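> mind folding the following:
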Amino acid sequence: MPQASRRPEQGSAVAEFSLVSVLLVALVLGIAQVGLAIHVRNTLAACAAEGARLAANADRTLADGVAHTRSLIATALSPGMAGDVQARHRPGPAGLEVQVEVAAPLPVLGLAGPARSLRVQAHALEEAP
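Okay, the predicted model is just below:
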């Protein structure tokens, strides 16, 4: 029985590698982007919490908390993400609280993304003077 020629399959490994590697690279980049988005969200939440704690001190104002939050965000991430930071007093279950809210772009492609689509809030109990 004559052996069949393998000529029609010659070069198929190169084509398979090309197709599979494109999918794998896209998957790895997607996972890295999700990791970056989670990192940005956690960093913004931590910066907002620090700003709320500072503003809640007896000898500090809301403007001090906003400035501190902006400074932390600019240092940790990017000055462009520190644009929309707001602080206010609000009643809480244990007394008056300071709330700091940060709105920043959700990183979709690198650190770029739609503006103000990621919002985080932090609260701290106001100290009595």
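
> so where's this protein uncertain?
When residues are selected by pLDDT under 70, those of the chain lie in 1-11.

> now the strands for it?
84-92, 95-104, 118-125 (DSSP state E).

> I'd like to know which elements the second one is packed against.
In this structure, strand 95-104 makes packing contacts with helix 12-56, helix 62-76, strand 84-92, strand 118-125, judged by 3 or more CB pairs under 8 Å, 6 or more residues apart in numbering; DSSP states H and E. C-beta coordinates here come from the backbone N, C-alpha and C atoms, glycine included.

> could you give the angle of that strand to helix 12-56?
150 degrees (axes from the mean of the first three to the mean of the last three CA atoms, to 10 degrees).

> next one: the first one
Following the same axes, to 10 degrees, one obtains 50 degrees for the angle between strand 84-92 and helix 12-56.

> centre-most residue in the chain?
With distances taken as CA atoms, centre = their mean, residue 40 lies nearest the centre of the chain, 2.1 Å away.

> would you enumerate the residues in contact with it?
Shown in contact with residue 40 (CB atoms under 8 Å, 6 or more residues apart in numbering): 77, 81, 104, 106, 107, 111, 118.

> my guess is the first one contacts residue 111, does it?
When you say that, I think you mean residue 77. Yes. Here residue 77 reaches residue 111: they are 7.3 Å apart, a contact under CB atoms under 8 Å.

> higher neighbour count, these two?
residue 77 (18 against 15; other CB atoms under 10 Å).
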